[in-house]
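Visitor: quick check, what structure comes out for this input:
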Amino acid sequence: MMNKKFQEADDKLKAQILDQIPAPVMAVNKELIVTYMNEAGKKLLKKRTEDIIGVACKDIICTDQCGTDDCAMLKAMRLGKTYSSRTEATLGGQTIPLEFSAVPLVDDSGKIIGGLEFVLDITERVLYENRLKEQNHTIREMSTPTIKLWEGVMVLPVVGVVDSMRAQHMMESMLTKIAETYAKVIILDIHGVAAVDTAVANHLIKITKATKLMGCDCILSGISPAVAQTIIQLGIDMEAINTRATLSDALTEAFLMLNLEVNKKKR
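Guide: Numbers count the residues shown, from 1 in each chain. So this is what the prediction gives:
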């Protein structure tokens, strides 16, 4: 009898502690029936205790993961460890991005008897992440400007460090501009690039091949001595790539390819 009172007091204390947590906390049994919801959870759902306890959790917080193998609570109980996931739920007619962190609950013998799930409203975090993505996109656009030099001739001047992500963005930028302007020749000027590795060098080759598939010739200009030595040391075959020492040489080559001639105007 005394042990039962101690257990009841312990359960009450645990519930009081969970009620102090500002984020929704929910407990379920193995059948995913809700056995507890803290005050923050009831406030988020705008529901009373009697409307929550004994109800399947998928009928309370409905997401696209509910009732599927992607359910965080289900995975936590199957794996026997904490599992987190992100999704969206429609609450009160409003779609809210949520992060679920579920942990299995065990009895004294170590047998899983249910789970405890923490729910976080990550609206602010998602907004911040989206703003950060937009800023990164703007920075990438500024770092890889494709410029029209002449009718049918574009140039992409590259300055600074080129990693695989930036090289991929360079390709996307060039191919987009080719499609928009119907450019016949595009010059990739890497005069401002101090070093390249195997991955970047291979990306440069892919860029020239991709532009060719779109009916546009690519000229690689401004290869520094250090970059040239690196390419040779890496054993990368650049014979199929049209290269020129300077941007001026590349522009002259582009004019020849398009049968264009620039003459100095007589005064």
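Visitor: now find how far off-centre stretch 20-40 is within its chain.
Guide: On the basis of C-alpha atoms, centre = their mean, to the nearest Å, stretch 20-40 sits 31 Å off its chain's mean C-alpha point.
Visitor: pull up the distance across it, start to finish.
Guide: With C-alpha to C-alpha, to the nearest Å applied, stretch 20-40 spans 8 Å between its terminal residues.
Visitor: residues of it that come out buried?
Guide: Neighbour counts using 16 or more other C-beta atoms under 10 Å place 24-28, 32, 34-40 of stretch 20-40 among the buried residues. Any C-beta I mention is one placed from the backbone N, CA and C, and that applies to glycine too.
Visitor: quick one, strands of this structure?
Guide: 25-29, 34-37, 83-91, 94-106, 112-121, 147-150, 153-159, 185-192, 217-221, 242-244 (DSSP state E).
Visitor: ok, which of these comes nearest D19?
Guide: Across the strands of the chain, D19 has its closest neighbour in strand 25-29 (8.6 Å, C-beta to C-beta).
Visitor: and the contacts of the closest one?
Guide: Applying C-beta atoms under 8 Å, 6 or more residues apart in numbering, the contact partners of strand 25-29 are 18, 34-38, 40-41, 57, 60-61, 73, 105, 113-119.
Visitor: doesn't M171 make contact with K206?
Guide: Yes - with contact defined as C-beta atoms under 8 Å, K206 and M171 form a contacting pair (6.7 Å).
Visitor: follow-up on the earlier one: show me which pair in the buried residues of stretch 20-40 is furthest apart.
Guide: Once C-beta to C-beta is applied, the buried residues of stretch 20-40 give L32 and E39 as the farthest pair, at 21.5 Å.
Visitor: contacts only, for I53.
Guide: 34-37.
Visitor: out of those residues, who's nearest S248?
Guide: Nearest member of these to S248, counting by C-beta to C-beta, is M37, at 71.5 Å.
Visitor: gap between E88 and V126?
Guide: Noted for E88: a distance of 9 Å to V126, by C-beta to C-beta, to the nearest Å.
Visitor: ok, D70 next?
Guide: 19 Å.
Visitor: mind listing what's buried along stretch 72-80?
Guide: In stretch 72-80, counting by 16+ other C-beta under 10 Å, buried: 72-77.
Visitor: who has more neighbours out of D70 and V126?
Guide: V126 (16 against 13; other C-beta atoms under 10 Å).
Visitor: spatially nearest residue to that one, not counting backbone neighbours?
Guide: Distance criterion C-beta to C-beta, 6 or more residues apart in numbering; nearest residue to V126, sequence neighbours excluded, is P97 at 4.6 Å.
Visitor: re earlier: can you redo the strands of the chain as a markdown table with distance to K47 and mean pLDDT?
Guide: Converted to a markdown table, the strands of the chain look like this (distance: least, C-beta to C-beta, whole Å; pLDDT from 0 to 100):
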| stretch | distance to K47 | mean pLDDT |
| --- | --- | --- |
| strand 25-29 | 12 | 90 |
| strand 34-37 | 8 | 90 |
| strand 83-91 | 10 | 87 |
| strand 94-106 | 15 | 89 |
| strand 112-121 | 14 | 90 |
| strand 147-150 | 59 | 85 |
| strand 153-159 | 57 | 88 |
| strand 185-192 | 60 | 90 |
| strand 217-221 | 61 | 93 |
| strand 242-244 | 68 | 91 |
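Visitor: reformat the ones you listed as TSV; add distance to E261.
Guide: Shown next, in TSV, are the strands of the chain (distance: least, C-beta to C-beta, whole Å):
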stretch	distance to E261
strand 25-29	76
strand 34-37	79
strand 83-91	59
strand 94-106	59
strand 112-121	65
strand 147-150	12
strand 153-159	14
strand 185-192	15
strand 217-221	18
strand 242-244	18
